[in-house]
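>>> turn this into a structure:
(one chain, ligands or ions: 1)
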Amino acid sequence: MTPTRDARTPLLIVGHGTRSAAGVAQFAALVERIRHRDAVADVEGGFIELSRPPLTDAVGALVDRGHRRLVALPLVLAAAGHGKGDIPAALAREKQRFPGFGYAYGRPLGPHPLLHDALAQRIDAVLAGADRAGTWVALIGRGSTDPDANAEVAKVARLLWEGRGYAGVEPGFVSLAEPSVPAVLDRLRRLGARRIVVAPYFLFAGVLPDRIVAQTAGFAAAYPDLDVRVADLIGDCDALADLVLQRHAEALRGDIRMNCDTCAYRVALPGFVDKVGRPQTPHDHPDDPVGGHHGHGPDHDHHGHQHGHGHQHDHGHQHGHGPDHQHGHGPGDGHGHGQDGRGRHRVGGLRPGQVAIVGGGPGPDDLITVRGRALLDAADVVVADRLAPRGLLAGLHPGVLVVDAAKVPRGPSMGQDAINDALVAHARAGRRVVRLKGGDPYVFGRGHEEVQACAAAGVETVVVPGVSSAVAAPALAGVPVTHRGVAHDVTVVSGHLPPGDPGSLVDWTALGRARGTLVLLMAVDTISKIAAVLVEHGRAPDTPALVVQDAGHPTQRTLTSRLDELGALAVRADIRPPAVFVVGPVVALG
Ligand code: SAH
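As a prediction, the model looks like this:
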């Protein structure tokens, strides 16, 4: 998706949306202001949720006017969930909607001297002649679960302090990060501040800026002897239009590096080690009515964009970081993690509308792969099998919809059809779907049937291999399926159809002649017959045999016997599924 390098390439300004009509009006005014500059060929603005026009209409309008290549600019101050995850994810959906549509993705706006100057102007305006030297500033950011985004606010606070003559500038946050507004105001009071200006580091009106005003008023009422004022928001202004156009030009030059040295999704930062290498997950401003992936749950649908805020910090972890996340890096950035929409391999990514078929391992929570676990964190919907690691379901975000496939009524094939339909329906609704299966999805897991069903419906899939019980169950019972000098082959067989069944595809005669390791799944009901047929076709009756029930679970049972006694043992010991049988000389090594 190399955009044309024409400096007049159209501009798409993307907002995250707000419940505030004033905020929407300010956004629209900025778009209009930029349009009037006539610096670029065309300008549209749209929101990924909550506000009109939706992004999809803005893109549609540009496409209708014949544009295929454009610059998409996230109208955000710092790179956090919106810039890293939600907006790239929304744009990726547009690319799917409009073949041939491509975009260069611009950087977040801040930190930038134009913004710092605008903040200083807002502060001076509310000071109305009172001197800067006697004024402390509390610079209040939105607050994020992404430490890098919070650090940006601290950086802006420092830059605002440098050379401007304020008594001091301290950062604070209205949600998700400390210090809170009351906490930073109290800190300034203890430092001896008599006059404080609260400067919201926000572009436009919204619920959170309103909250800053309310919290400041509460503090001021408690300390009537202090002079506490709130500065205006940055708002629609020429400086902001200038900066947007700078970001547009920069995106076309292709040099839109963002600093990833302190990104929690790449580097182990203290307290955030669990984020490394993961998709960025929904960013969850729990008290922010604008967002709340977790509050909404998967059935929430804005503009066909189901993701709440799309709070997809999806190491996409959507962190390209995030599922689609280009990390604010533009196209071609070689950033290394994440997928970039150009077909390069992405580790751990899951886009809205995609289904990940994930092998969960044999049952314990910690035998899933790192990639599988990351995708689970990125999911909006999880469709889980009975034999999947069900302990993991309890740890999902509260808003994630869990569909229990074990409860789908079973019939000859009806259960599978219902599951396929569910996968397709959720994906088409723009959700990130994880199909969580036991073991490996392609080992008697019907995983490929689901891939085919999705493909037939035009739904993209990714497959994450898992640790199959065929190998794991013997291992967890202390038996290797191969061993040098003992067994040089291992055959994994489904016992769901007994020998002689007309539907069986298994050559039981050949298996009777074989000497290596035989692993039987789904064979609890058929093991007597299978053992007899193996002996009949040449397998030694005293071949060591093993059964492992509930492998990996606290209830795991392991029993051994001779092959010719295996059926009787299974009955006597009341072996129940899930169980794996192992036949061969390796069993004697256990
Ligand atoms: N895809 C799965 C297998 C699905 S078929 C995998 O790769 O493991 C279901 C069969 O798997 C069960 O009948 C049983 O034979 C085996 N199985 C799955 N989990 C098991 C477990 N924890 N312990 C023993 N056998 C298990």
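>>> residue ranges of each domain in this structure, please.
11-106+239-319, 113-230, 350-467, 471-589 (automatic domain parsing).
>>> what's the closest of the ones you listed to the ligand?
domain 350-467 (1.9 Å; Cβ to the nearest ligand atom). In short, each C-beta sits where N, CA and C put it, glycine included.
>>> show me the strands in the stretch 401-550 of the chain, by range?
Assigned by DSSP state E, counting those that start in this stretch, the strands in the stretch 401-550 of the chain fall at 401-404, 433-437, 461-464, 490-494, 517-521, 544-549.
>>> so who does V582 touch?
V582 is in contact with A473, P474, V479, V481, T517, L518, V519, L520, A545, L546, V547, V548, counting by Cβ atoms under 8 Å, 6 or more residues apart in numbering.
>>> now name the helix or strand holding A151.
helix 147-161 (DSSP states H and E).
>>> got the buried residues for that helix?
Neighbour counts using 16 or more other Cβ atoms under 10 Å place 147-154, 156-157, 159-161 of helix 147-161 among the buried residues.
>>> dump those into JSON lines; add distance to the ligand and pLDDT as well.
Shown next, in JSON lines, are the buried residues of helix 147-161 (distance: Cβ to the nearest ligand atom, whole Å; pLDDT from 0 to 100):
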{"residue": "P147", "distance to the ligand": "38", "pLDDT": "89"}
{"residue": "D148", "distance to the ligand": "39", "pLDDT": "89"}
{"residue": "A149", "distance to the ligand": "40", "pLDDT": "91"}
{"residue": "N150", "distance to the ligand": "43", "pLDDT": "95"}
{"residue": "A151", "distance to the ligand": "44", "pLDDT": "94"}
{"residue": "E152", "distance to the ligand": "45", "pLDDT": "94"}
{"residue": "V153", "distance to the ligand": "47", "pLDDT": "96"}
{"residue": "A154", "distance to the ligand": "48", "pLDDT": "97"}
{"residue": "V156", "distance to the ligand": "51", "pLDDT": "95"}
{"residue": "A157", "distance to the ligand": "53", "pLDDT": "97"}
{"residue": "L159", "distance to the ligand": "55", "pLDDT": "90"}
{"residue": "L160", "distance to the ligand": "57", "pLDDT": "94"}
{"residue": "W161", "distance to the ligand": "59", "pLDDT": "94"}
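>>> closest to R97 out of these?
A149 (29.3 Å; Cβ to Cβ).
>>> ranking the strands of the stretch 401-550 of the chain by burial, who's on top?
strand 433-437 (a mean of 31; mean count of other Cβ atoms under 10 Å).
>>> state the mean pLDDT of that one.
For strand 433-437, the mean per-residue pLDDT is 97.
>>> same check, this time on stretch 21-35
96.
>>> contact residues of the stretch 251-400 of the chain facing the ligand?
P362, G363, L387 (Cβ under 6 Å from any ligand atom).
>>> got a list of what the first one touches?
This means P362. Per Cβ under 8 Å, 6+ apart, neighbours of P362: G438, G439, V467, S468, S469, A472, A473, L476, A551, G552.
>>> enumerate the residues of this structure near the ligand.
Counting by Cβ under 6 Å from any ligand atom, the residues of the chain that sit close to the ligand are 362-363, 387, 438-440, 443-445, 468-470, 473, 521-522, 548, 550-552, 577-580.
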